[in-house]
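Chemist: I would like to see how this sequence folds:
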Amino acid sequence: MSHLCPDADAVTCRHLLVPLDETDECMATVIGAIELARIAAARLTFVHVPPLATVPRGHRSRGRELLGKAESVARAQGVPCASAGSIGGDAQAAIPATAREAGCDLVFIGAHGHGAMTGPLVQAVLAAGLPVFAVPNPALATPVPAIRGIRDEHRALSAVLRAWLDMLMAANDHGASVDVPVMRSMIQFIETFPVARHHPRKQACLYGRLRRRTARADAELDELERQHERDAQWVGALAEAVERFAAGGPLTELLSKVDHYAQFVWALMGREEGVILPAAQRYLTDADWDKVNAAYGSANSGTVPSARAGGHEHRLFGTLLAYLADLPDADCVARICSRPENVSMRFN
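Modeler: Below is the predicted model of the structure:
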């Protein structure tokens, strides 16, 4: 619903401020804002609104991840966008101030995302004299197994990258130690799972079926497949950067390399979550989903193991799992490391 500001005759909609939180509904907020911006020929500014009580470790890069994913979706849809970064303090005061500083004429509040804060946040923005577009709360649908599996894969890789960046930034800013064995395990995780297993499975069972149902997503799928090839090339570059650092190379060079890779990955994830998965939900048939879900169903079953449980691969990544143990989304990494990855790649 759109609210007029006091004494206003009409609501202009040329520049939207879109606050992003850290809930599962964040991407739905991004998609909704992009749809409105396309209709109104408007541009977007995204801002990250962190929770009041932030996690000490593994949180510094969370805002950059969310903003990077949101911007990648907007650009893929041809919508001009920018980022205002993360805001701290009282969101009810900070969001109106950010909107005015960025020159926004409307604040887009997504459904569900801000929880109990949504009502007070809307009222605070209105009280500041700014119009609000507040998305009504729809019924939450349970994701199909394949989508749940892909999101789990994304969360796991993001958890690894956030931990890696935070480790390096702590060393760069405060002289904290850098754990080279953990970094080597991070590279092995990226090579073993996203590059060698997750990308091929998506291309074989999801991308291929989507191509057969519609040509509307072909250009985006082509680009994502090229990005998957680049991802494989990144593994070698990251490994070389870690070994140069271990041999006495500069920390800043390694930090720059990992930062660039994280931005690359978050943009790739954003396009999958914000463009490809919605297209798949729109165009794939029930029969298609039955076969796609079969590739993910067994991988999503079972309980989250401890860092000492699981088979050979789970033990192989014990060093990494121990390092991530108290960080957000560590459970997703543990699930990935313990999955029975024995599903055939023939999904025609």
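Chemist: which residues touch Ala33?
Modeler: Residues counted as contacts of Ala33 (Cβ atoms under 8 Å, 6 or more residues apart in numbering) are 16, 18, 44, 108, 110. The way it works is simple: take the backbone N, C-alpha and C, and place the C-beta from them, glycine included.
Chemist: and it, how far is that from Arg43?
Modeler: In this view, Ala33 and Arg43 are 11 Å apart by Cβ to Cβ, to the nearest Å.
Chemist: find residues that contact each of the two.
Modeler: Overlap of the contact sets of Ala33 and Arg43 (by Cβ under 8 Å, 6+ apart) consists of Leu16.
Chemist: among the contacts of Ala33, which two are most distant?
Modeler: Farthest pair in these (Cβ to Cβ) is Leu44 and Gly110. Separation: 12.6 Å.
Chemist: anything in contact with each of those two?
Modeler: 18, 33.
Chemist: ok, and what's touching stretch 191-198?
Modeler: For stretch 191-198, the surrounding residues in contact (Cβ under 8 Å, 6+ apart) are 150, 153, 156-157, 228, 231-232, 235, 313, 336-337, 341.
Chemist: pick out the lowest-pLDDT one from those.
Modeler: Confidence by pLDDT is poorest for Glu313 among the contacts of stretch 191-198, given 50.
Chemist: okay, strands next: where are they in the stretch 51-200 of the chain?
Modeler: With DSSP state E, counting those that start in this stretch, the ranges of strands along the stretch 51-200 of the chain come out as 81-86, 106-109, 132-134.
Chemist: direction included, what does the first one pair up with?
Modeler: Spelled out, that is strand 81-86. Strand 81-86 pairs in its sheet with strand 43-48 (parallel), by DSSP bridges.
Chemist: can you dump the C-alpha atoms of the strand it pairs with in PDB for me?
Modeler: Once side chains and other backbone atoms are set aside, the C-alpha atoms of strand 43-48 remain, and they are given as PDB (Å, rounded to 0.1, in the frame of the first residue of the first chain):
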ATOM      1  CA  ARG A  43      16.000   4.200 -10.000                       C
ATOM      2  CA  LEU A  44      16.800   2.500  -6.800                       C
ATOM      3  CA  THR A  45      19.100   3.000  -3.900                       C
ATOM      4  CA  PHE A  46      19.600   0.000  -1.600                       C
ATOM      5  CA  VAL A  47      20.500   0.400   2.100                       C
ATOM      6  CA  HIS A  48      21.400  -2.400   4.500                       C
END
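Chemist: any idea of the mean pLDDT in that strand?
Modeler: In this model, strand 43-48 has a mean pLDDT of 96.
Chemist: in the helix or strand hosting Arg226, what counts as buried?
Modeler: Per DSSP states H and E, Arg226 falls inside helix 218-246. Within helix 218-246, the residues that qualify as buried by neighbour count (16 or more other Cβ atoms under 10 Å) are 220-221, 224, 227-228, 231, 234-235, 238-239, 241-242, 245.
Chemist: that one - contacts with which helices or strands?
Modeler: If you count contacts as 3 or more Cβ pairs under 8 Å, 6 or more residues apart in numbering; DSSP states H and E, helix 218-246 packs onto helix 180-190, helix 208-213, helix 251-271.
Chemist: including distance to His199, could those go into TSV?
Modeler: Conversion of the helices and strands packed on helix 218-246 to TSV gives the following (distance: least, Cβ to Cβ, whole Å):
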stretch	distance to His199
helix 180-190	11
helix 208-213	13
helix 251-271	9
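Chemist: part of a helix, is Leu17?
Modeler: No. Under DSSP: H, G, I helix; E, B strand; the rest coil, Leu17 sits outside any helix and is assigned strand.
Chemist: now do the contacts for it.
Modeler: Under the criterion of Cβ under 8 Å, 6+ apart, the contact partners of Leu17 comprise 45, 47, 84, 95, 98-99, 102, 104, 106-108.
Chemist: give me that answer again for 10 Å
Modeler: By Cβ atoms under 10 Å, 6 or more residues apart in numbering, the residues touching Leu17 are 33, 44-47, 84, 95-96, 98-109, 125, 130, 132.
Chemist: hmm, which of those residues are the buried ones?
Modeler: For the contacts of Leu17, a neighbour count by 16+ other Cβ under 10 Å gives the buried set as 33, 44-47, 84, 95-96, 98-99, 104-109, 125, 130, 132.
Chemist: got the CA coordinates for the helix or strand encompassing Lys291 in PDB?
Modeler: Counting by DSSP H and E, the secondary-structure element that holds Lys291 is helix 286-297. What follows is helix 286-297, C-alpha atoms only, in PDB (Å, rounded to 0.1, in the frame of the first residue of the first chain):
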ATOM      1  CA  ASP A 286       5.000 -29.800 -12.100                       C
ATOM      2  CA  ALA A 287       6.700 -32.600 -14.000                       C
ATOM      3  CA  ASP A 288       9.800 -30.500 -14.400                       C
ATOM      4  CA  TRP A 289       9.900 -29.800 -10.700                       C
ATOM      5  CA  ASP A 290       9.500 -33.400  -9.900                       C
ATOM      6  CA  LYS A 291      12.700 -34.200 -11.700                       C
ATOM      7  CA  VAL A 292      14.600 -31.100 -10.600                       C
ATOM      8  CA  ASN A 293      13.600 -31.800  -7.000                       C
ATOM      9  CA  ALA A 294      14.800 -35.400  -7.200                       C
ATOM     10  CA  ALA A 295      18.300 -34.000  -7.700                       C
ATOM     11  CA  TYR A 296      18.100 -32.100  -4.400                       C
ATOM     12  CA  GLY A 297      15.700 -34.100  -2.300                       C
END
